[in-house]
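**Student:** Fold the following.
(one chain, ligands or ions: 1)
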Amino acid sequence: MMLRAEIELSRGTFDLAVDFEVPAGTVLAILGPNGSGKSSLLGSLSGLLRPRRAKILLGDRDLHQLPPHDRSVGLLSQDPLLFPHLSVLDNVAFSPRSKGAGRAEARQIARRWLAEVDAAEFERRKPAQLSGGQAQRVAVARALAGEPDLLLLDEPLAALDVDAAPAIRGLLRRVLSANATRATVLVTHDPLDALALADHVLVLTEGRALERGPTREVLAAPRTAFTARIAGLNLVAGTAVDDGLRTDEGRLIAGMLAEDAALGEPAVAVFAPSAVAVYPVEDGRPGSPRNTMAASVTALEPHGPVIRLRTDVGLAADLTPAAVADLRLEPGTPVRLDIKATTVTVYPASLTV
Ligand SMILES: Nc1ncnc2c1ncn2[C@@H]1O[C@H](COP(=O)(O)OP(=O)(O)OP(=O)(O)O)[C@@H](O)[C@H]1O
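**Tutor:** You can find the predicted model right below:
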């Protein structure tokens with residue numbers, strides 16, 4: 001179901017005023033610094049907070065007029081928040097039960113979701129007998145077992161250690177892309193989570209939407225200083241292959257595959273502008289033949305202590321002002337770009353971007 005939200009909320013001196021849409025079957029990521037209003041926005045959607053004025057249309061229902069338990073909203077936060085006294089199975093069955101399913105039916109639905117998140121073997125355990133990653137799997141199953149029309153993900157990977165996070169990110173990708181009717185809002189501070197999971201992003205600062213658009217566009221070509229600081233990454237789209245990424249034009253970008261990238265699936269090669277070396281075209285120095293490309297300078301922008309070079313192939317490179325002067329770079333100058341393979345990571349891309 002399509003979500004259309006207009007929210008105005010005051011908390012003390014803080015003021016949130018934002019509007020956005022999330023088409024059915026898509027994921028909107030909300031990115032923003034601490035205190036920008038991300039939790040306030042989610043609280044308004046779930047019904048934990050009462051906006052001063054709001055219209056939150058999910059399909060043709062206005063959630064703002066409904067109590068939290070009637071909103072058909074599922075929430076997954078960084079803490080799995082499982083009921084400690086209930087078994088894993090009954091934790092998951094709780095969602096369909098609270099929507100009116102009988103005990104046997106609720107358990108049947110719960111078993112299906114536990115299988116879906118590869119946690120069927122834990123069904124008899126109590127939450128205290130699970131690792132952080134296992135508990136989060138169960139929490140994903142619980143959030144989805146109620147078949148919510150709107151799913152809210154509040155930093156779902158933030159509390160997991162680096163070993164568990166890729167598996168849960170992969171699981172979320174799978175369950176999010178398998179559903180064409182649910183709308184999902186993801187709050188995260190990690191641009192890579194947005195890249196892997198979200199179709200669109202909205203950058204929130206001081207309670208206002210500063211920037212919004214398709215994930216890859218916003219992260220690759222940020223228009224505001226905040227987004228540039230958290231993102232400003234080079235992103236090249238294509239398909240994950242053994243030794244990196246193959247673009248639609250057939251170019252190979254050599255790099256390391258993230259743990260949750262699957263061969264043959266849509267993917268994005270991600271690397272910082274500082275990982276791109278710039279040489280004059282006449283320089284015969286052999287770079288890595290695979291990660292070298294010819295380009296032409298389109299713009300030079302001061303970026304803190306460095307100069308960010310933009311090129312006609314869509315890649316950015318960071319150079320010192322001295323290097324820019326040495327290479328006599330200006331718009332139109334032809335250059336050779338070298339990307340170090342060890343700095344390139346290939347992440348799964350959200351399927352619909
Ligand atoms: N109960 C409250 N009373 C008054 N002000 C509050 C209250 N709760 C939060 N705020 C203020 O509202 C603003 C937005 O907070 P919110 O928690 O929504 O931000 P956030 O983007 O989720 O931050 P974080 O990333 O730190 O979780 C902050 O300036 C905060 O100080």
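
**Student:** Near the ligand, which residues of this structure are found?
**Tutor:** Counting by Cβ under 6 Å from any ligand atom, the chain comes close to the ligand at 11-12, 14, 32, 34-40. Any C-beta I mention is one placed from the backbone N, CA and C, and that applies to glycine too.

**Student:** and if we set it to 5 Å?
**Tutor:** When proximity is defined as Cβ under 5 Å from any ligand atom, the chain approaches the ligand at 11-12, 14, 34-40.

**Student:** so can I have CSV of these showing neighbour count?
**Tutor:** Formatted as CSV, the residues of the chain next to the ligand follow (neighbours: other Cβ atoms under 10 Å):
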residue, neighbour count
Arg11, 14
Gly12, 5
Phe14, 13
Asn34, 7
Gly35, 12
Ser36, 22
Gly37, 26
Lys38, 22
Ser39, 18
Ser40, 22
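
**Student:** quick one, domains of this protein?
**Tutor:** For the chain, automatic domain parsing gives the domain ranges 3-219, 232-353.

**Student:** how about TSV for those, with mean pLDDT added?
**Tutor:** As requested, those are exported to TSV (pLDDT from 0 to 100):
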stretch	mean pLDDT
domain 3-219	92
domain 232-353	86
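
**Student:** quick one, which of the ones you listed is packed in tightest?
**Tutor:** Most buried of the domains of the chain, by mean neighbour count (mean count of other Cβ atoms under 10 Å): domain 3-219, with a mean of 19.

**Student:** remind me, longest strand of the chain?
**Tutor:** Longest strand in the chain, counting residues (DSSP state E): strand 292-303.

**Student:** returning to that earlier point: mind putting the domains of the chain in a markdown table, distance to Phe226 included?
**Tutor:** Shown next, in a markdown table, are these (distance: least, Cβ to Cβ, whole Å):
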| stretch | distance to Phe226 |
| --- | --- |
| domain 3-219 | 6 |
| domain 232-353 | 10 |
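
**Student:** Contacts for the longest strand of the chain next, please.
**Tutor:** Outside strand 292-303, the residues that touch it by Cβ atoms under 8 Å, 6 or more residues apart in numbering are 228, 251, 281, 307-313, 315, 318, 324, 329-339.

**Student:** Give me the spatial nearest neighbour of the residue nearest the centre of the chain, chain neighbours excluded.
**Tutor:** Central residue of the chain (Cα atoms, centre = their mean): Ala194, 1.6 Å from the mean position. In this structure, Ala194 finds its nearest non-sequential neighbour in Ala29, 3.8 Å apart by Cβ to Cβ, 6 or more residues apart in numbering.
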